[in-house]
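**Student:** sequence? don't have it. structure:
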Ligand code: GLN
């Protein structure tokens with residue numbers, strides 16, 4: 001086994017025993033990036049020098065010497081943070097995001113910044129202003145998105161783990177497409193301070209890892225209340241759990257809800273079969289399957305595409321070419337400078353979202369669109385609340401199909417938006433959700449199983465996911481690169 005193939009857990013153990021050193025581990029990963037990132041194209045920036053300088057800063061932390069990649073929408077002090085946008089192509093933040101600071105405080109090392117859809121808007125990483133990241137299992141196919149760089153880098157062993165962000169599925173959907181584990185924590189579990197805002201009521205940072213246990217280890221490091229983010233949950237609400245504690249416990253008697261609205265037309269037959277087998281496997285492990293209903297599922301995508309663009313249109317108003325970011329040349333006056341900077345700095349999908357959002361929020365349309373969407377969001381939340389009276393977790397496919405071909409959906413935004421049909425509801429309702437590998441199609445493409453939990457009950461989600469993972473060998477398979 002190569003050092004770069006280690007899980008975080010294995011690396012921590014080897015380092016403890018002195019069987020490898022942080023320096024050796026870091027160099028193994030940097031060589032791996034050097035060898036294969038020209039094919040996968042996961043990194044926007046590789047921070048080799050900074051990583052070498054960071055080594056040995058802290059030798060007794062929970063993550064000492066563990067090299068990680070970070071999605072390029074989390075501010076890293078002194079390291080370019082682009083959001084894969086021309087708008088922020090040369091933006092070097094003067095401060096560090098809370099989630100990443102917590103990783104460095106625990107001794108982890110920054111390997112580099114990972115590609116994404118521009119401003120996290122997309123489901124394929126094709127909307128990056130720089131380049132498309134390729135799926136390590138089939139380079140012609142997409143990685144999913146928007147955290148496609150993070151998922152691809154972990155899947156191809158270019159970092160031991162990564163952080164992504166999930167507004168409507170951006171951690172879970174690429175994790176499913178790349179055969180890795182992606183966890184979106186409960187809204188409020190992880191501070192959003194320093195995460196470049198897309199849709200503030202939905203955005204959440206979470207780990208992308210090779211195993212469920214690694215996911216628990218990273219969540220331990222990044223969670224917690226942060227006075228700098230007023231939406232981060234206080235301790236009396238979120239607790240201070242050790243997410244590795246439940247790992248390894250059996251799931252006898254665990255009630256697993258299977259939503260009838262999720263096994264529908266449009267779900268690929270092979271993906272459905274693989275997911276149904278995975279759910280049967282949970283039953284074989286002692287779980288009790290219960291059919292549940294989430295009656296407002298059909299509205300999730302339309303509601304999301306009112307609320308997320310509305311919040312985005314407001315959040316992205318700050319990119320005006322004045323304070324920071326891209327400024328267009330040759331403007332005749334201030335208004336012209338704003339218009340030129342925003343026209344040239346943003347890509348097509350970002351502009352589409354800004355226009356949708358501005359429209360939905362404009363007077364005369366606000367009640368018909370934004371307000372109505374907020375009301376339906378409440379009904380979607382209630383669906384989960386009601387279902388969780390009867391079950392401990394909800395199981396479903398992560399995506400309606402396996403990774404699609406590059407270019408297949410870029411000309412049809414609605415098709416692209418439907419990629420997130422099973423993941424979006426958990427963001428609207430704020431619940432935690434994980435995607436983990438549960439098989440491969442006949443063409444060798446990964447398929448993900450999604451488990452959604454009660455608010456602040458990531459522990460049960462991780463326990464169930466780990467029990468499933470350990471009873472299969474999907475997580476041990478590697479793409480041939
Ligand atoms: N694909 C969804 C979108 O385009 C979700 C993205 C995300 O979770 N950041 O908005």
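**Tutor:** That came in fine, so what should we check first? Remember, it's a predicted structure, so these values are computed and weren't measured experimentally.

**Student:** count of neighbours near residue 53?
**Tutor:** Residue 53 has 11 neighbouring residues, counting by other CB atoms under 10 Å. All C-beta spots, glycine's among them, are computed from the backbone N, C-alpha and C.

**Student:** identify the residues contacting the helix or strand containing it?
**Tutor:** Residue 53 is part of helix 48-54 when elements are defined by DSSP states H and E. Helix 48-54 is touched from outside by 23, 26, 30, 67, 78, 79, 104, 109, 110, 111, 112, with contacts defined as CB atoms under 8 Å, 6 or more residues apart in numbering.

**Student:** of those, buried ones?
**Tutor:** Among the contacts of helix 48-54, those scoring as buried are 26, 30, 67, 79, 104, 109, 110, 111, 112 (criterion: 16 or more other CB atoms under 10 Å).

**Student:** which of these fall within helices?
**Tutor:** 26, 30, 104 (DSSP state H).

**Student:** could you report the pLDDT at the residue most central in space within the chain?
**Tutor:** In the chain, the residue lying closest to the centroid (CA atoms, centre = their mean) is residue 171, at 1.9 Å. Residue 171 carries a pLDDT value of 98.

**Student:** again, but for residue 58
**Tutor:** Turning to residue 58, the model gives it a pLDDT of 81.

**Student:** name the element the spatially closest residue to it that is not a sequence neighbour belongs to?
**Tutor:** Residue nearest to residue 58 in three dimensions, not counting chain neighbours: residue 107, with 4.0 Å by CB to CB, 6 or more residues apart in numbering. Per DSSP H and E, residue 107 falls between elements, in no helix or strand.

**Student:** isn't residue 107 up against residue 62?
**Tutor:** Yes. Contact status for residue 107 versus residue 62: in contact at 7.1 Å, counting by CB atoms under 8 Å.

**Student:** out of these two, which sits in the busier spot?
**Tutor:** Of the pair residue 107 and residue 62, residue 107 is the one with more neighbours under other CB under 10 Å, namely 23 against 17.

**Student:** show me what contacts the more buried one?
**Tutor:** 57, 58, 59, 60, 61, 62, 63, 64, 65, 66.

**Student:** how close does the third one sit to residue 106?
**Tutor:** It stands for residue 59. 11 Å (CB to CB, to the nearest Å).

**Student:** looking at those two, which is more packed in?
**Tutor:** Ranked by neighbour count (other CB under 10 Å), residue 59 and residue 106 place residue 106 first, with 19 against 11.

**Student:** wait, is residue 280 part of a strand?
**Tutor:** No. Judged by DSSP: H, G, I helix; E, B strand; the rest coil, residue 280 forms no part of a strand; its state is helix.

**Student:** how many neighbouring residues does it have?
**Tutor:** Neighbour count for residue 280, taken as other CB under 10 Å: 12.

**Student:** in contact with the nearest residue to residue 197 once chain neighbours are set aside, which residues?
**Tutor:** Leaving aside its sequence neighbours, residue 197 sits nearest to residue 315 (CB to CB, 6+ apart; 4.3 Å). Each residue near residue 315 by CB under 8 Å, 6+ apart is listed here: 197, 198, 199, 200.

**Student:** pretty sure the first one contacts residue 205?
**Tutor:** Pointing back at residue 197 there. No. When contacts are counted by CB under 8 Å, residue 197 is not listed as touching residue 205 (11.9 Å).

**Student:** the more surrounded of these two?
**Tutor:** Set residue 197 next to residue 205 and count neighbours by other CB under 10 Å: residue 205 wins out with 30 against 17.

**Student:** verify the stated contact: residue 90 with residue 80.
**Tutor:** Yes. Using CB under 8 Å, residue 90 is in contact with residue 80, at 7.0 Å.

**Student:** between the two, who's got more neighbours?
**Tutor:** Here residue 90 and residue 80 are compared on neighbour count by other CB under 10 Å; more neighbours surround residue 80, at 16 against 11.

**Student:** for that one, give its distance to the ligand.
**Tutor:** Residue 80 sits 20 Å away from the ligand, going by CB to the nearest ligand atom, to the nearest Å.

**Student:** contact partners for the residue in the stretch 351-481 of the chain that the ligand sits nearest to?
**Tutor:** Using CB to the nearest ligand atom, the closest approach of the stretch 351-481 of the chain to the ligand is made by residue 420 at 4.7 Å. The contact partners of residue 420, by CB under 8 Å, 6+ apart, come to 123, 168, 169, 173, 301, 304.

**Student:** what do you get for residue 332?
**Tutor:** Under the criterion of CB under 8 Å, 6+ apart, residue 332 has no neighbours.

**Student:** picking that back up, do you know how far the residue nearest to residue 58 is from residue 15?
**Tutor:** 10 Å.

**Student:** identify the contacts common to the two.
**Tutor:** 64, 65.

**Student:** do the helix or strand that residue 427 is a member of and the ligand come into contact?
**Tutor:** Element membership of residue 427 [criterion: DSSP H and E] is helix 424-429. No. Using CB under 6 Å from any ligand atom, helix 424-429 never reaches the ligand; the gap is at least 7.0 Å.

**Student:** fine by me, we can end here.
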